[in-house]
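Peer 1: Curious how this folds, go ahead:
(one chain, ligands or ions: 3)
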Amino acid sequence: MSEIRRDPTTGDWIVVAPRRLQRPWQPQDFCPFDPGAPETGYGWDVLILPNKYPVVSEEAPPASGDGLYEVVRAYGRALVVVETPQHDLDDLSDLPTEHIAKVLRAVVDEMRRAASDPAIVYFLFFRNKGKEIGVSLTHPHSQIYELPVVPERISRELERAAAYWRERGRCLHCDVLRREVSSARSLVEGRHWVAFVPHYARWPHEVHVYPLRHVQLLTQLDDEEIEELAAVLRRVLCALKNAVGRPMPYMMALHQAPLRGDHRYYHLHFEIYGMYRPDGKLKYAASAETGAGLYTLDTTPEEAAERLRRALSSCRPDTS
Ligand code: UDP
Ligand code: ZN
Ligand code: FE
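Peer 2: Residues are numbered from 1 along each chain as shown. Ligands and ions are numbered 1, 2, ... in the order given. This next block holds a predicted model:
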């Protein structure tokens, strides 16, 4: 049994997937993503595998709701992007830029495939890093969920961007970008991409990465933009690793438009949440945050940006 239920009081989607409880939890003696493991084989440097314990699948049973309780069939695909054969590599930022670009291109190819399935409406690409935040396998990997619904936080962003576009005839995100570039919160300013700690950060070391070009989908990026994205992500993730003395756990999610419909008012970006406070203690999303959606910050975005800029200067230049 697996289905997607909607909270009628908030609009949130919840994937009910009890079989996920079976997945291995931080095993010490084997790794399913190593070369030569049953699902991987040899001779690869980036691999996209079906998630063995998927939240959504093509075999999902039919689902039915009613006028109060909306239920959607948990149709879709869940994939793991194994980013390198090297099990003990700490993070994506330890790979050469060219290799990171290869990972990104593999994700883009998969997104093209997903877009050809009319039942998939959202392509969610994300990455969890760090045992502290509960990764079940430490081998460097990110994940893809190809979903039949648009996640609620994305829907909220779409609504606000659409309203801004309607009222002012401009992109909300382009305006945010212009405000952040050259500000005290700016981190990286490239030819095609910028990275900054947003004025409205919710996590202690939060970084948003934006293309300067107003695009909605990962598949719209050209080769040069993909290459530079790899370099910028590498730098930002390295800064997070060096910011407080020990590797920072983080969560990263791509915010892009849905695969269906006209969302020209939206502007894709990556959001990266570095979870350590400046003193190296983990920030929890506790009652105010989780219970009420009210985030409290024990630092300022400006001060976090300064720390991350300092950390950047200790990052090795590209090794590729
Ligand atoms: N997994 C897999 N094949 C295996 C073992 C695990 O596909 O043999 C998946 C597992 O379902 C999980 C992912 O690998 O989704 C590891 O992801 P992570 O720990 O980042 O986060 P999780 O999805 O567990 O929250
Ligand atoms: Zn824009
Ligand atoms: Fe966003």
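Peer 1: Residue numbers of the stretch 1-150 of the chain in contact with ligand 2?
Peer 2: By Cβ under 5 Å from the ion, no residue of the stretch 1-150 of the chain approaches ligand 2. C-betas here are computed from N, CA, C, even on glycine.
Peer 1: can you pull out the strands in the stretch 1-150 of the chain?
Peer 2: 3-6, 13-16, 47-50, 71-73, 77-82, 122-129, 141-147 (DSSP state E, counting those that start in this stretch).
Peer 1: Run a quick neighbour tally on the nearest residue to Leu92 once chain neighbours are set aside.
Peer 2: In this structure, Leu92 finds its nearest non-sequential neighbour in Leu237, 5.6 Å apart by Cβ to Cβ, 6 or more residues apart in numbering. Using other Cβ atoms under 10 Å, Leu237 has 26 other residues around it.
Peer 1: likewise His141?
Peer 2: Other residues close to His141 by other Cβ under 10 Å number 22.
Peer 1: Is stretch 86-94 in proximity to ligand 1?
Peer 2: No. Using Cβ under 6 Å from any ligand atom, stretch 86-94 stays clear of ligand 1, with a minimum separation of 12.7 Å.
Peer 1: List of residues touching that stretch?
Peer 2: 31, 33-34, 83, 95, 100, 103, 127, 129, 138-140, 142, 233-238, 241, 247, 315 (Cβ atoms under 8 Å, 6 or more residues apart in numbering).
Peer 1: Generate a PyMOL selection restricted to the buried subset of these.
Peer 2: Those of the contacts of stretch 86-94 that count as buried under 16 or more other Cβ atoms under 10 Å are selected in PyMOL with:
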select buried, resi 31+33+83+95+100+103+127+129+138+139+140+142+233+234+235+236+237+238+241+247+315
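Peer 1: Just the contacts of stretch 86-94: which are in helices?
Peer 2: Of these, the ones assigned to helices by DSSP state H are 100, 103, 233-238, 241.
Peer 1: Buried residues in stretch 167-177, which are they?
Peer 2: 171-173, 176-177.
Peer 1: I would like the residues contacting it, please.
Peer 2: 160-161, 164-165, 194, 198, 210, 212, 214, 265-267, 269.
Peer 1: go again using 6 Å as the cut-off
Peer 2: Contacts of stretch 167-177 from elsewhere in the structure, counted by Cβ atoms under 6 Å, 6 or more residues apart in numbering, are 161, 164, 210, 214, 267.
Peer 1: from those, which is closest to Ser155?
Peer 2: Ala161 (10.8 Å; Cβ to Cβ).
Peer 1: Let's have the strands of the stretch 1-150 of the chain in TSV, adding mean pLDDT.
Peer 2: Listed next are the strands of the stretch 1-150 of the chain as TSV, based on pLDDT from 0 to 100:
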stretch	mean pLDDT
strand 3-6	98
strand 13-16	96
strand 47-50	98
strand 71-73	97
strand 77-82	98
strand 122-129	98
strand 141-147	98
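Peer 1: could you redo the ones you listed as a markdown table and give each row distance to Asp222?
Peer 2: Listed next are the strands of the stretch 1-150 of the chain as a markdown table, based on distance: least, Cβ to Cβ, whole Å:
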| stretch | distance to Asp222 |
| --- | --- |
| strand 3-6 | 34 |
| strand 13-16 | 32 |
| strand 47-50 | 22 |
| strand 71-73 | 34 |
| strand 77-82 | 21 |
| strand 122-129 | 18 |
| strand 141-147 | 21 |
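Peer 1: of all those strands, which lies closest to Glu224?
Peer 2: strand 122-129 (20.1 Å).
Peer 1: Parallel or antiparallel, list what pairs with that closest one.
Peer 2: Strand 122-129 has these partner strands in its sheet, going by DSSP bridges: strand 141-147 (antiparallel), strand 250-255 (antiparallel).
Peer 1: Pull out the buried residues from it.
Peer 2: Those would be 122-125, 127-129, for strand 122-129 by 16+ other Cβ under 10 Å.
Peer 1: quick one: which of those residues is nearest to ligand 1?
Peer 2: Nearest to ligand 1, judged by Cβ to the nearest ligand atom, of the buried residues of strand 122-129 is Asn128 at 4.2 Å.
Peer 1: who touches that closest one in this structure?
Peer 2: By Cβ under 6 Å, 6+ apart, the contact list for Asn128 reads 135, 251.
Peer 1: repeat that with 10 Å
Peer 2: 134-137, 141-143, 249-253 (Cβ atoms under 10 Å, 6 or more residues apart in numbering).
Peer 1: What's opposite it in the beta bridge?
Peer 2: Beta-bridge partners, per DSSP bridges, of Asn128: Met251.
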